[in-house]
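Colleague: here are the coordinates; sequence isn't available:
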């Protein structure tokens, strides 16, 4: 009888450990996806700022060329 109890206990512990690892993996994936989304948003914002700066520089160069001509 004791062997059945020990075996059941081992199986329960193994199942618990497996479920815990699964939960941790899901949590890690959620964190990874959140970080990835934040990086994409930051990249998009920086790209928009860079394009706006280039547009201003181009407009300023065009004005300078028009004044010089």
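Modeller: Nice, thanks for sending it over. Because the structure is predicted, anything quoted here is derived from the model rather than measured.
Colleague: where does this protein dip in pLDDT?
Modeller: Scanning the chain for pLDDT under 70 picks out the ranges 1-2, 68-69.
Colleague: all strands for it, in order.
Modeller: Using DSSP state E, the chain contains no strands.
Colleague: in it, which spans are helices?
Modeller: In the chain, the helices defined using DSSP state H lie at 2-68.
Colleague: can you count the residues close to residue 25?
Modeller: With neighbours defined by other CB atoms under 10 Å, the count for residue 25 comes to 10. Placement of C-beta: from N, CA and C, glycine included.
Colleague: let me fix that: residue 32
Modeller: Neighbour tally, residue 32, other CB under 10 Å: 10.
Colleague: that one and residue 62: what is the separation?
Modeller: Residue 32 sits at a distance of 45 Å from residue 62 (criterion: CB to CB, to the nearest Å).
Colleague: ditto for residue 53
Modeller: Relative to residue 62, residue 53 is positioned 15 Å away (CB to CB).
Colleague: same question, residue 45
Modeller: As judged by CB to CB, residue 45 and residue 62 stand 26 Å apart.
Colleague: then residue 17?
Modeller: 67 Å.
Colleague: then residue 33?
Modeller: 43 Å.
Colleague: same check on residue 34?
Modeller: 42 Å.
Colleague: repeat that for residue 54.
Modeller: Taking CB to CB, one finds residue 54 at 12 Å from residue 62.
Colleague: next one: residue 27
Modeller: Counting by CB to CB, the separation of residue 27 from residue 62 is 53 Å.
Colleague: and what of residue 39?
Modeller: 34 Å.
Colleague: try residue 42
Modeller: For residue 42, the distance to residue 62 - CB to CB - is 31 Å.
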